[in-house]
Structures are given as C-alpha cells and as structure tokens.
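In: predicted model and sequence below, questions to follow.
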Amino acid sequence: ISFGFWISLISAISGTILGAILIGNGFLNMEMTYFEIPEYSIAIVPEVYILAIIVVILITFITYLSCRKILKEPATEALRTEIPKVKNTKFDMTKGIFKNASISTKWNLRDIARNKGRSLMAIVGVIGCTMLVVCALGMLDTMNAYLSWQFDTICNFDYKLNLSNEYSDEQYNDLILKYGDKTSETIGIEFKDGNNKQASTITVNDAKDYLNVTGHSREKIDLSDDGIFITEKMSDKYNLKIGDEITWHKFGEDTWYTSKITGLNRDPQSQTISASKKYIESIGVNYKADSIYTNEDLKDVKELSGVNTIKSKDNIKDGMNSMVATMKMLIVLLITLSAILGFVIIYNLGILSFGEKQYQFATLKVLGFKDKQIKKIGKNRKKDANYNVNGILLKCICGKAKCTFNKATFLIVDLQAINNQLLRKL
C-alpha cells in the first residue's frame with residue numbers, strides 16, 4: 001500500500017508545482033497579450049489541492065485492492081508460482097480458422113482469454129488516450145477551417161470602417177462617394193420564443209460580394225427580399241424551420257415586427273439573423289448603416305470624419321490568430337499527454353504480461369521449442385497489435401462522438417487502412 005501512496009503523493013505534489021510554473025505561466029503570459037492588467041500572477045485554487053488528495057487516496061485504495069488477496073495468503077503460498085486458472089473458452093483453437101494458426105497466434109489468443117481483465121484494461125486505455133488524440137486533431141482541423149471560412153470566404157474586403165453613432169448625412173455621403181456603398185447595420189433585437197423572449201441581433205447586409213452569406217456547404221448564397229435568414233444552429237436551438245415566422249422588436253422600441261424565415265445559412269462565428277436592406281425597409285424599419293466595407297488602400301489613413309475606427313482585415317485576422325493560438329497550444333498539449341499515456345499503459349501491461357510468463361517460457365524450452373519461437377511469442381507482438389487495433393477501431397467511433405459533442409469537425413480516419421497498416425507490420 002505504501003508504494004502506491006508514496007508514488008501518488010510525489011506525483012501529485014510534482015504535478016501541482018510544475019503545472020503552475022510551466023503550463024500555468026505559459027498560458028497566463030499568452031492571455032496577458034490580450035489584456036492590460038497592472039499586476040498578475042499564478043494562483044492555485046483550493047480545488048486543486050482537494051483533487052490532488054482525492055487522486056492520492058484513490059491510487060492508494062486501488063493498490064490495496066490489487067494486492068489484498070496476496071497479502072491474505074501464507075508466505076509459503078505466496079512464494080510458489082501461481083498456476084493459471086484455465087477455463088473453458090467459447091471457441092476451440094484446434095478447429096475452424098484457428099486450426100492452421102501459428103503457435104504464437106494460439107498462445108496470444110489463449111493469453112487474452114485467460115486475462116480478460118488485463119485485455120479489457122489495455123483496450124480501454126488505448127480507447128481513452130487515442131480518443132483524446134482524435135478529438136484534439138478534430139479541434140485543430142476546426143480552428144484552421146474556421147479561419148479559412150471566416151476570412152477567405154465570408155470577409156471579402158480589405159478594410160472595414162466602423163461609423164460613429166452620430167454621423168451626419170453629409171459625412172455619410174462623402175464616405176460612400178470615396179469608399180463605395182457596401183454597408184451593413186447590426187440591430188439588437190428581442191424575439192418571442194413561445195412564452196419566453198430571447199435576445200439576438202439582425203445583420204442587415206447591403207454589402208454583396210464584400211460581406212458574404214454562406215450556405216450549408218459553405219457556398220455563397222444571396223439573401224431574399226421577402227424574409228429573413230437564420231443560422232442552422234439557431235434553427236436547431238429554437239426548433240425553427242423555413243416557413244416559420246418570428247415576432248421581434250428592436251431594443252428600446254415598442255413596435256413589433258413579424259418576419260418569415262425564407263432560408264438557412266451557416267456562420268462559423270455569429271449565430272444570428274441576416275436580412276437584406278430591401279426587406280428591412282419594406283417592413284418599415286429605418287436602415288442606418290454602421291459599417292462600410294472597402295478595398296481601397298487605407299494603410300496610411302489614421303482618421304476619417306464620421307468614422308470611429310478603421311480596421312483592416314489583416315489586423316482582424318492577426319487578432320483572431322492570437323486567440324486561436326491559445327487553443328492550439330492546448331490541443332498540442334492534449335495530443336502529447338495522450339500519446340505518453342498510451343505508451344505508459346501498453347508498456348506497463350506488456351512488462352507485467354512478460355514477467356508472469358517467464359515460468360511458462362522455461363517450460364516451452366524444456367519441451368523443445370526453439371529460441372526464435374519463444375522470442376516471437378514473448379514479444380507478444382500480435383497480442384499488442386490486437387489491443388491497439390481494437391482500441392483504435394473503438395476510439396474512432398468514440399472520438400467522432402466526442403468531436404460531435406464538442407461541435408468540432410471530425411478528422412476522417414480510414415479504419416480499414418489503419419487495420420491493414422498495423423497488420424502488415426507484424
């Protein structure tokens with residue numbers, strides 16, 4: 001019991017200290033690039049100590065459970081080589097597809113049948129760590145796809161001018177004359193959801209070919225002039241479909257409007273409502289642009305009359321890349337730890353299996369088996385491959401489910417190709 005206690009205690013203390021110094025400082029320094037805070041430092045919350053204590057207790061208890069039967073035995077019995085408990089299996093390895101199998105294959109199948117608990121632990125261990133790898137790769141693929149989707153397909157402009165709230169008609173006309181009439185307005189609204197009211201926004205898009213709307217397959221689509229578009233996620237969340245009507249009003253106003261849903265779109269960032277300028281004006285809503293999109297070169301322009309900020313698409317993309325970098329670091333850390341976990345599980349189970357079979361290997365040698373045959377069996381290559389293949393096949397299913405749960409894009413994996421590749425290496 002003391003072995004499990006001291007190992008887990010040292011590991012818990014080391015993990016708490018190193019986690020705060022290495023991982024905590026790294027992420028904190030990265031986060032501080034987005035915020036301006038006079039003083040900041042790493043703080044370990046009490047829950048971390050509680051979790052470390054729970055881990056130590058659990059590992060100590062599991063160590064006790066694994067050796068309690070041996071501790072109850074007399075010393076003379078514990079020193080004797082344990083005779084494996086042979087049970088009748090449901091398949092006969094002397095018939096059917098196993099009849100012509102090699103001794104190594106039969107040996108490993110017998111070993112798996114006799115050690116069901118260990119075999120299950122190996123498969124579950126591979127499932128757990130590789131499921132995290134698949135999920136992490138899916139998240140990484142999602143991050144990359146998000147940036148490409150947002151800045152290569154939707155945002156097709158070089159500069160965005162955020163207009164001031166109190167700009168005059170003369171200022172607006174001058175800006176339109178110089179930089180084009182591609183504009184949009186974001187309206188804060190409240191709409192009815194049964195007996196409840198939900199807050200959202202309507203993006204009134206009058207910037208065709210500059211601010212694009214995308215469909216289910218990320219293709220560019222046009223907004224209709226007889227209704228509104230909502231995102232597919234919004235449709236699922238509020239159980240809305242094409243043909244339904246939404247009753248809404250602008251924040252600060254008492255006039256309610258009823259709009260028909262005429263289409264669904266997809267957006268990687270904003271789950272809101274989209275409408276054309278023509279439709280908004282047709283139902284009596286006054287359109288007042290709050291953004292202008294242009295491809296004119298404004299890198300040397302610092303200030304414009306009637307404009308609050310001038311943002312280039314490159315600067316917006318750089319800021320988004322900085323935020324995504326934190327997520328990517330987490331993904332890399334997750335992949336690394338998962339790979340280490342899988343290696344430790346398979347290595348420890350392999351060493352344990354080999355140690356238990358030393359007496360049996362000696363018996364085989366006495367019976368006349370050659371060293372090469374025994375080495376081939378001892379390496380347990382096919383058994384380990386069975387664990388890995390079964391674990392990989394199951395983790396692909398679990399990993400896909402986890403990616404779907406996380407709303408991440410699943411990285412497609414060819415199961416048959418993996419299976420064939422591993423078997424060719426045997």
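Out: Arrived safely.
In: in the stretch 101-250 of the chain, where is pLDDT below threshold?
Out: Scanning the stretch 101-250 of the chain for pLDDT under 70 picks out 103-104, 107-108.
In: one more time with 80, if that's ok
Out: For the stretch 101-250 of the chain, residues meeting the criterion pLDDT under 80 lie at 101-123, 125-126, 128-130.
In: ranges for the strands of it?
Out: Counting by DSSP state E, counting those that start in this stretch, the stretch 101-250 of the chain has strands at residues 159-163, 183-193, 196-206, 213-214, 220-221, 228-231, 245-250.
In: ok, which of these comes nearest residue 296?
Out: Taking C-beta to C-beta, strand 159-163 is the member of the strands of the stretch 101-250 of the chain nearest to residue 296, at 6.8 Å. For glycine as for every other residue, the C-beta is placed from the backbone atoms N, C-alpha and C.
In: what does that closest one rub up against?
Out: When contacts are defined by C-beta atoms under 8 Å, 6 or more residues apart in numbering, strand 159-163 is touched by residues 172, 175, 179, 289-296, 298, 304, 306-313, 316.
In: how does it look with 6 Å?
Out: Contact partners of strand 159-163, identified using C-beta atoms under 6 Å, 6 or more residues apart in numbering, comprise 290, 291, 292, 293, 294, 298, 307, 308, 309, 310, 311, 312.
In: tell me what the last one is bridged to.
Out: In this entry, residue 312 is beta-bridged to residue 159, by DSSP bridges.
In: distance check, it against residue 216.
Out: The gap separating residue 312 from residue 216 is 30 Å, by C-beta to C-beta, to the nearest Å.
In: of these two, give the one with the bigger neighbour count.
Out: Taking neighbours as other C-beta atoms under 10 Å, residue 312 and residue 216 compare with residue 312 leading, 15 against 10.
In: for residue 146, see how far away the residue most central in space within the chain is.
Out: Taking C-alpha atoms, centre = their mean, the centroid of the chain lies closest to residue 139, which sits 3.8 Å from it. The gap separating residue 139 from residue 146 is 10 Å, by C-beta to C-beta.
In: phi, psi for the closest residue to residue 233 other than its chain neighbours please.
Out: Of all residues beyond its chain neighbours, the one nearest residue 233 is residue 271 (4.9 Å), with distances taken as C-beta to C-beta, 6 or more residues apart in numbering. With angles defined as degrees, to the nearest 10, residue 271 shows backbone torsions of phi -100, psi 80.
In: how many neighbours does residue 271 have?
Out: Neighbours of residue 271 under the rule other C-beta under 10 Å: 17.
In: same question, the one 3 residues further on
Out: By other C-beta under 10 Å, the residues close to residue 274 number 22.
In: and residue 37, by the same measure?
Out: Counted by other C-beta under 10 Å, the residues lying close to residue 37 total 7.
In: can you check the one 4 residues further on too?
Out: Residue 41 is flanked by 7 other residues according to other C-beta under 10 Å.
In: how close does it sit to residue 63?
Out: In terms of C-beta to C-beta, residue 41 sits 37 Å off from residue 63.
In: likewise residue 150?
Out: Spatial separation of residue 150 from residue 63 under the definition C-beta to C-beta is 51 Å.
In: circling back to that earlier point, against residue 43, how distant is the residue nearest to the centre of the chain?
Out: Taken as C-beta to C-beta, the spacing of residue 139 relative to residue 43 amounts to 27 Å.
In: before we move on, what about residue 263?
Out: Distance of residue 263 to residue 43, given as C-beta to C-beta: 49 Å.
In: for the two, indicate the residue with more neighbours.
Out: Relative neighbour count places residue 263 above the other of residue 263 and residue 43, with 16 against 9, counting by other C-beta under 10 Å.
In: that one contacts residue 230, correct?
Out: No: checked against C-beta atoms under 6 Å, the pair residue 263 and residue 230 is beyond contact range at 8.3 Å.
In: which non-adjacent residue is nearest residue 13?
Out: Distances taken as C-beta to C-beta, 6+ apart place residue 52 nearest to residue 13, at 7.4 Å, with adjacent residues excluded.
In: ok, now residue 224?
Out: Distances taken as C-beta to C-beta, 6+ apart place residue 262 nearest to residue 224, at 4.6 Å, with adjacent residues excluded.
In: look at residue 123 and say how many residues are nearby.
Out: Neighbour count for residue 123, taken as other C-beta under 10 Å: 21.
In: helix/strand/coil for residue 264?
Out: Three-state assignment for residue 264 (DSSP: H, G, I helix; E, B strand; the rest coil): strand.
In: kindly report the same for the one 5 residues further on.
Out: Here residue 269 is coil, with the state taken from three-state DSSP.
In: number of nearby residues for it?
Out: Residue neighbour count, defined by other C-beta under 10 Å, stands at 10 for residue 269.
In: and the gap between it and residue 233?
Out: Here residue 269 is placed at a distance of 11 Å from residue 233 (C-beta to C-beta).
In: now residue 277
Out: Residue 277 sits 24 Å away from residue 233 when distances are taken as C-beta to C-beta.
In: who's more crowded, these two?
Out: In terms of neighbours (other C-beta under 10 Å), residue 277 is the more surrounded of residue 277 and residue 233; the figures are 20 against 13.
In: please name the residues that touch the more buried one.
Out: Going by C-beta under 6 Å, 6+ apart, the list of residues near residue 277 reads 204, 206, 287.
In: what's the burial count for the last one?
Out: In terms of burial, residue 287 registers 14 neighbours under the definition other C-beta under 10 Å.
In: quick check: phi and psi at it.
Out: With angles defined as degrees, to the nearest 10, residue 287 shows backbone torsions of phi -90, psi 120.
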